[in-house]
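Student: predicted model, plus sequence, below.
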Amino acid sequence: MLGVNSREIVLTSGGTESCNLALLGSPKPTMVAISAVEHAAVRAGAERAARVHGVPFVVLPVTTDGLVDVDQAIAMITTGALVSVMAANNETGVLQPLDALVAAAEASGRTMTLHVDAIASAPTKDTAAISSGAAMISVAAQKLGGPVGTGVLVVRSGLSLDPMITGGGQEGGRRAGTEDVAGAVGLACALEEARAEQIAGAPLVMRGRRDRLESLLLDAVAGSSVTAQRSERLDGHAHLTFEGIRSEELLVLLDREGIAASAGAACASGAPQASHVLLAMGVDPQRARGALRMTLATTTTDDDVARAAAAVIRSIEALTAQR
């Protein structure tokens, strides 16, 4: 399912460990560079890796559509750099131009070690295809409907990796500790099920329902906007911002309606903060604080979409009436 052989697989405890192992286990990079929209697990691991190796930590800019600016990225990357760019953003669903980045690096004569966080994209996209140019790939079971606490780091043959957990020779000396066989089997089954759904076209059906959900909200709510609507996005990701609405208030009302959603934003010291992803895309901070992320599944129905849209509309009307 991942397009590699068994010797290139390292079993981990999940996505966070997989990303950290890739970043902290890579020996002697000339710099550590990540996109401005990476998950916290990647950003924290990358910052620490740069400190440990005493090399620059570089943040690669993205466009207003949420895409890594390939030309600027290549200009900023040095030969021998460790670079981490996600396959798709976990908040907005935007698919990153990995092939273009790899091709541009090759054309410039720069060699780099590319790590791809494919955790968000794995349920609906062919990981082997979209990550073909990566040296390392992270996947987490629970995002695929598999068991929590199981993940994989793909490490291409010939690439050295220093273990973060020592004490045994498991996983080719790259991760000590007794393997969770049941978790590994669960992850393998989840990958197979997800790939079968992809081949059968289930994500495309889900995309149609996602588009319908967005259309219902855009038509009914003044000042609403779909984030990165011009970019290719994950089929089940609906990310919108609403003018004059605060995410935390909206989520409380949606929870009362039985709708599970998120703002896609971090919180610090109890104070709501605008998403770093939206800020990196140039979204106004005030508008970014009115973000709403809803993700569909292949089992989501037309009735689910209608119910969710109605709940969001009612909730926003209630909040607007209080102003």
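Tutor: Cool, got the structure. Here the structure is a predicted model, which means the values were calculated and not measured.

Student: which ones are touching Leu251?
Tutor: Counting by C-beta atoms under 8 Å, 6 or more residues apart in numbering, Leu251 makes contact with Ala261, Ser262, Ala263, Leu292. All C-beta spots, glycine's among them, are computed from the backbone N, C-alpha and C.

Student: cool, and Glu192?
Tutor: By C-beta under 8 Å, 6+ apart, Glu192 lies in contact with Met1.

Student: a helix runs through it, doesn't it?
Tutor: Yes - assigned with DSSP: H, G, I helix; E, B strand; the rest coil, Glu192 falls within a helix.

Student: Ala194 versus His237, what's the distance?
Tutor: Going from His237 to Ala194 by C-beta to C-beta, to the nearest Å gives 16 Å.

Student: test my guess that Arg175 contacts Asn20.
Tutor: No - if you go by C-beta atoms under 8 Å, Arg175 and Asn20 don't touch, sitting 11.1 Å apart.

Student: now do the helix or strand containing Leu278: distance to the chain's middle.
Tutor: Leu278 is part of helix 276-280, with elements assigned from DSSP states H and E. The chain centroid and the centroid of helix 276-280 are separated by 14 Å under C-alpha atoms, centre = their mean, to the nearest Å.

Student: and stretch 112-132, by the same measure?
Tutor: Relative to the chain's own centre, stretch 112-132 is displaced by 10 Å; criterion: C-alpha atoms, centre = their mean.

Student: ends of it, how far apart?
Tutor: 14 Å (C-alpha to C-alpha, to the nearest Å).

Student: now that stretch: buried residues?
Tutor: Within stretch 112-132, the residues scored as buried using 16 or more other C-beta atoms under 10 Å are 112-127, 130-131.

Student: before we move on, what about stretch 42-58?
Tutor: By neighbour count on 16+ other C-beta under 10 Å, the buried set for stretch 42-58 is Val42, Arg43, Gly45, Ala46, Ala49, Ala50, His53, Val55, Phe57, Val58.

Student: tabulate these (JSON lines), appending pLDDT and secondary structure.
Tutor: Formatted as JSON lines, the buried residues of stretch 42-58 follow (pLDDT from 0 to 100; DSSP: H, G, I helix; E, B strand; the rest coil):
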{"residue": "Val42", "pLDDT": "98", "secondary structure": "helix"}
{"residue": "Arg43", "pLDDT": "97", "secondary structure": "helix"}
{"residue": "Gly45", "pLDDT": "97", "secondary structure": "helix"}
{"residue": "Ala46", "pLDDT": "98", "secondary structure": "helix"}
{"residue": "Ala49", "pLDDT": "98", "secondary structure": "helix"}
{"residue": "Ala50", "pLDDT": "98", "secondary structure": "helix"}
{"residue": "His53", "pLDDT": "96", "secondary structure": "helix"}
{"residue": "Val55", "pLDDT": "98", "secondary structure": "coil"}
{"residue": "Phe57", "pLDDT": "98", "secondary structure": "strand"}
{"residue": "Val58", "pLDDT": "98", "secondary structure": "strand"}
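
Student: now, among these, which is nearest to Leu161?
Tutor: Leu161 has its nearest neighbour among those in Ala49, at 12.4 Å by C-beta to C-beta.
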